[in-house]
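[1] Pasting a predicted model and its sequence here:
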Amino acid sequence: MALAVGMRVLTRSLLRPWVRGPGATPGRTGPVAGGGDCVRCFGSPRVLVEPDPAAGFAVMKMRNPPVNSLSLEFLTEMLISLEKLESDKAFHAIIITSDCPGIFSAGLDLKEMCGRDPTHYAEYWKAVQELWLRFYLSHLVVISAINGVSPAGGCLLALSSDYRVLADNPKYAIGLNETLLGIVAPFWFKDTLVNTVGHRVAERALQLGLLFPPAEALRVGMVDQVVPEDQVQSAARSVLAQWLAIPGHARQLTKTLMRKPTADRLLKERDADIQNFVRFISRDAIQKALRTYLEKLKQKKS
Ligand SMILES: CCCCCCCCCCC/C=C/C(=O)SCCNC(=O)CCNC(=O)[C@H](O)C(C)(C)COP(=O)(O)OP(=O)(O)OC[C@H]1O[C@@H](n2cnc3c(N)ncnc32)[C@H](O)[C@@H]1OP(=O)(O)O
């Protein structure tokens, strides 16, 4: 409920054309982060959407610096952008990528899960569930152009797409590393991983909290392609052509056939999953583990 209200408010206030200033209207030319012009860009403070309706796709750029951590606001903005693209018949695909150098997404925002009250935890978890459900089941082709490190929730986001292209940089590790934080990946994170890499690889990766560098990620099937860093976006665009050449209804029904049983499990147990999360994350020991982890991240700098 709170998420629905939050989304309505954000839809009105944030989903505006990228063009700034008085009289800005959708469809005008405006500045793109990093220079150049962008025709018909739109978005919100944390999500820039560069549509190419003639080609049938849009690039969704995450820009929640410094690390694209998935805060409640950021999740909500991503959902709104996705919804907008899904409801426009001009779009058949999206490429999701990052605008933060070296980071695809640092995963769930630890500050949303630390030192807050149970109502907040419940609202946050509902938004995390929603993001996964919407991306995992989207009728659009979703390609991840992974141009940075992507632990935990960042990896989940990538795993929710239909195809993953990873930049070949040894720093760009990807995986569900929750156990390293002293927390547990919920069953739908686990199921998404199992569906991608198989049971044995997932079992080992989850227990050890493995973060796979590119060559390893490709070997175990966590990503579909590894390319030189400067070719991630072009490789994602190239592969999209293959996906878009398939009759849309057949591809969509097949995607649903493959993914619905996994999504249904969460849909059936959604409230219980929220309660589990709130109980788990509220435990003193878990709060302590998260605080220690955040502290370690800070100390790493000094
Ligand atoms: C019985 C079963 C019940 C199950 C119930 C459910 C249980 C809970 C499930 C929860 C699932 C959780 C999923 C997650 O996604 S948890 C998040 C995991 N993410 C990570 O481990 C990544 C942490 N970050 C890093 O490793 C590095 O920051 C990174 C490699 C991404 C970038 O390094 P870099 O050196 O470039 O940047 P800094 O480390 O200096 O970070 C810059 C600032 O950003 C802050 N930061 C980083 N990551 C996060 C984050 N995930 N959330 C919030 N904030 C983050 C970092 O602290 C720095 O902040 P300051 O500038 O203020 O110091």
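    Thanks, I have it.

[2] Not counting sequence-adjacent ones, nearest residue to Gln233?
    Closest residue to Gln233 apart from its sequence neighbours, by Cβ to Cβ, 6 or more residues apart in numbering: Ala145 at 5.5 Å. Any C-beta I mention is one placed from the backbone N, CA and C, and that applies to glycine too.

[3] Using the three-state scheme, assign that neighbour.
    Put simply, Ala145 is strand when judged by DSSP: H, G, I helix; E, B strand; the rest coil.

[4] The stretch 201-302 of the chain against the ligand: which residues are in contact?
    276-277, 280-281, 294, 297-298, 300-301 (Cβ under 6 Å from any ligand atom).

[5] do the stretch 51-200 of the chain as well
    66-67, 69, 103, 106-111, 149, 151-153, 177-178, 181, 183-186.

[6] Apply 5 Å and report the result again.
    Contact residues (Cβ under 5 Å from any ligand atom) of the stretch 51-200 of the chain with the ligand: 66-67, 69, 106-110, 149, 151-153, 183-184, 186.

[7] Find me the pLDDT at the residue in the stretch 1-150 of the chain that the ligand sits nearest to, would you?
    Nearest residue of the stretch 1-150 of the chain to the ligand: Gly107, at 2.6 Å (Cβ to the nearest ligand atom). pLDDT, Gly107: 98.

[8] now the helices for the stretch 1-150 of the chain?
    Using DSSP state H, counting those that start in this stretch, the helices of the stretch 1-150 of the chain run over 2-14, 72-86, 118-137.

[9] before we move on, what about the stretch 151-300 of the chain?
    Under DSSP H, counting those that start in this stretch, the stretch 151-300 of the chain gives helices at 153-159, 187-197, 199-208, 214-220, 232-244, 248-268, 270-282, 284-301.

[10] ok, of those, where does mean pLDDT dip lowest?
    Among these, helix 284-301 scores lowest, at a mean of 94.

[11] and that one, how far out from the chain's middle?
    Here helix 284-301 is found 23 Å from its chain centre; the criterion is Cα atoms, centre = their mean, to the nearest Å.

[12] what residues does it touch?
    110-111, 113-115, 181-183, 280-281 (Cβ atoms under 8 Å, 6 or more residues apart in numbering).

[13] angle of it against helix 270-282?
    Calculated by axes from the mean of the first three to the mean of the last three Cα atoms, to 10 degrees, helix 284-301 forms an angle of 60 degrees with helix 270-282.

[14] Quick check: Arg251 touching His139?
    No - at 9.0 Å, Arg251 does not count as touching His139 under the criterion of Cβ atoms under 8 Å.
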